[in-house]
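Asker: next come a sequence and a model predicted from it.
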Amino acid sequence: MTTHWIDRDLATKSVFVPVATIDRIIVGETAPMRTLKRMISAVAPSDAAVLVRGPTGAGKELVAEALHRASGRLGALVAVNCAAIPADLLESELFGHEKGAFTGAERARPGRIEQAAGGTLFLDEIGDMPLALQAKLLRVLETRRIQRLGGTAEQTVDFRLVTATHRDLAAAVEAGTFRADLFYRISVFPLTVPSLAERSADIPLILGRLIEDYTAANPSAEVPHFDLGALRALSAHPWPGNVRELKNVLMRAFVMLPGRMVTARHVRDNLLGMEMPCADSAEVVLPEPPAPTAKGGLPDPTQFHDALGKLGDIDLRGYIRDIEVALIEAALDTRQGNVAQAADALRLRRTTLIEKMKKFGIRRGLVA
Ligand SMILES: Nc1ncnc2c1ncn2[C@@H]1O[C@H](COP(=O)(O)OP(=O)(O)OP(=O)(O)O)[C@@H](O)[C@H]1O
């Protein structure tokens, strides 16, 4: 950690907030994500300006949300995407305007900076802010005072600034498109969100959270189940669009493979390659039972010794989950969706089976 991060605000106000608060917002347990969350926890309670860097779709906005929620600030989190608003409108969007300030300003309107009073102002894509506006923002950061367009009175505003960019701002300073003084002002505490490829071991966890979010918003959606091979294929993908791209892949799985077992081939051909899955594979694909078998057709557990020798490693929890899902679905299929009979067949209590079905998103036989 370099000392230029330690400014007065940070030194006097920083208290670590529990990482649990941040864990609820940002999913990820790999080393770079744990480090990022510890840094968020350390800086959140201070007033230090945070610059969030990272590739597109990696979760920079989520970091801003985590910083705000963990800050204890009672005001709102106000987000402005500097790249999405035309340059000539950005100034009035940020500073607000008085009635008659320009043609069409029929009413006075507070700006986004005012709206962030007592809270956090999140300026996304700050690297796209026009130079003239950069000078005005710098003045606000130095004086903590703003003036609406067409107004004469100044007012004091207390907000915490979080900015984000996928650009190399130091290079933009060199090129003369970003002010050096503003760069130092906004990057008191720089945070970097790693690309998804740098934390591919987090993909199953992130996928789980995205599925939860999707089913909360679409309760009747049938959840696709990713088998071990599918998870491996996802891990091998380079993810240029990061978590946003993973989210798109999952949306395709909900549309193309609802309630089905998703395999590595599905991932490569249908979800990343965008071919429609074959109609003849419309049924749930159960793993091939290897021979010789014990217990009336189920794989003999002694075979795992040989298999593991060849494989080298295995995601045990993922593999056991796939087996559980496949057996529960098979039991339900053969009992025409009757949960009580399927529970008997699996020697489970009915309530235990229902709990498992809810956990895995298996809806067959459950009353909505
Ligand atoms: N760790 C994560 N866990 C769950 N969802 C995530 C995670 N990271 C990102 N997402 C989701 O991925 C999507 C993209 O994230 P976000 O908008 O924060 O990225 P960004 O880096 O700000 O993108 P951009 O550079 O385009 O502004 C969002 O829907 C977000 O909720």
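Answerer: All right, it came through fine.
Asker: who's in contact with residue 227?
Answerer: With contact set as Cβ atoms under 8 Å, 6 or more residues apart in numbering, residue 227 has these partners: 261-264, 287, 322. Glycine gets a C-beta too; all of them are placed from N, C-alpha and C.
Asker: the nearest residue to it once chain neighbours are set aside: what's it in contact with?
Answerer: Spatial nearest neighbour of residue 227, excluding adjacent residues (Cβ to Cβ, 6 or more residues apart in numbering): residue 322 at 4.7 Å. Residues in contact with residue 322 (Cβ under 8 Å, 6+ apart) are 225, 227-228, 261, 287.
Asker: any chance of JSON lines for the residues you listed, columns secondary structure?
Answerer: Formatted as JSON lines, the contacts of residue 322 follow (DSSP: H, G, I helix; E, B strand; the rest coil):
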{"residue": "225", "secondary structure": "strand"}
{"residue": "227", "secondary structure": "coil"}
{"residue": "228", "secondary structure": "helix"}
{"residue": "261", "secondary structure": "strand"}
{"residue": "287", "secondary structure": "coil"}
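Asker: which of those are buried?
Answerer: 225, 227-228, 261 (16 or more other Cβ atoms under 10 Å).
Asker: is it possible to get JSON lines of the residues you listed that adds distance to residue 43 and pLDDT?
Answerer: Shown next, in JSON lines, are these (distance: Cβ to Cβ, whole Å; pLDDT from 0 to 100):
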{"residue": "225", "distance to residue 43": "39", "pLDDT": "92"}
{"residue": "227", "distance to residue 43": "40", "pLDDT": "90"}
{"residue": "228", "distance to residue 43": "38", "pLDDT": "88"}
{"residue": "261", "distance to residue 43": "43", "pLDDT": "89"}
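Asker: ok, of these, which one's closest to the ligand?
Answerer: Among the buried ones among the contacts of residue 322, residue 225 lies closest to the ligand (Cβ to the nearest ligand atom), at 19.1 Å.
Asker: the closest one touches residue 260, doesn't it?
Answerer: Yes: using Cβ atoms under 8 Å, residue 225 is in contact with residue 260, at 7.3 Å.
Asker: so what's the nearest residue to residue 65 once chain neighbours are set aside up against?
Answerer: Of all residues not flanking residue 65 in the chain, residue 25 sits nearest, at 5.7 Å (Cβ to Cβ, 6+ apart). Contacts for residue 25 (Cβ under 8 Å, 6+ apart) come out as 62, 65-66, 69.
Asker: for the ligand, give me its nearest residue in the stretch 101-250 of the chain.
Answerer: Nearest residue of the stretch 101-250 of the chain to the ligand (Cβ to the nearest ligand atom) works out as residue 243 at 3.5 Å.
Asker: that's a helix at that residue, yeah?
Answerer: Yes: assessed with three-state DSSP, residue 243 lies in a helix.
Asker: next one, pLDDT for the residue lying closest to residue 205 once chain neighbours are set aside please.
Answerer: Using Cβ to Cβ, 6+ apart and skipping residues adjacent in sequence, the residue nearest residue 205 is residue 27, 5.2 Å away. Residue 27 is assigned 95 on the pLDDT scale.
Asker: list the residues that contact residue 27.
Answerer: Listed by Cβ under 8 Å, 6+ apart, the contact partners of residue 27 are 202, 205-206, 208-209.
Asker: let's go with 10 Å and repeat that
Answerer: Listed by Cβ atoms under 10 Å, 6 or more residues apart in numbering, the contact partners of residue 27 are 33, 59, 62, 202, 205-210, 212, 243.
Asker: tell me where the stretch 51-200 of the chain has helices.
Answerer: 60-71, 87-95, 112-115, 131-143, 169-175, 180-186 (DSSP state H, counting those that start in this stretch).
Asker: out of those, deepest packed?
Answerer: Ranked by mean neighbour count under mean count of other Cβ atoms under 10 Å, the helices of the stretch 51-200 of the chain are led by helix 60-71, which reaches a mean of 22.
Asker: do it and the ligand come into contact?
Answerer: Yes: using Cβ under 6 Å from any ligand atom, we find that helix 60-71 touches the ligand at 60-62.
Asker: how about the CA coordinates for that helix, as PDB?
Answerer: Extracted C-alpha coordinates of helix 60-71, given in PDB (Å, rounded to 0.1, in the frame of the first residue of the first chain):
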ATOM      1  CA  LYS A  60     -17.300  -1.500 -10.900                       C
ATOM      2  CA  GLU A  61     -20.800  -0.200 -10.200                       C
ATOM      3  CA  LEU A  62     -21.300  -2.900  -7.700                       C
ATOM      4  CA  VAL A  63     -18.200  -1.700  -5.900                       C
ATOM      5  CA  ALA A  64     -19.700   1.800  -5.800                       C
ATOM      6  CA  GLU A  65     -22.800   0.300  -4.300                       C
ATOM      7  CA  ALA A  66     -20.900  -1.700  -1.700                       C
ATOM      8  CA  LEU A  67     -18.800   1.400  -0.700                       C
ATOM      9  CA  HIS A  68     -22.000   3.400  -0.300                       C
ATOM     10  CA  ARG A  69     -23.900   0.800   1.700                       C
ATOM     11  CA  ALA A  70     -20.900   0.100   4.000                       C
ATOM     12  CA  SER A  71     -20.200   3.800   4.500                       C
END
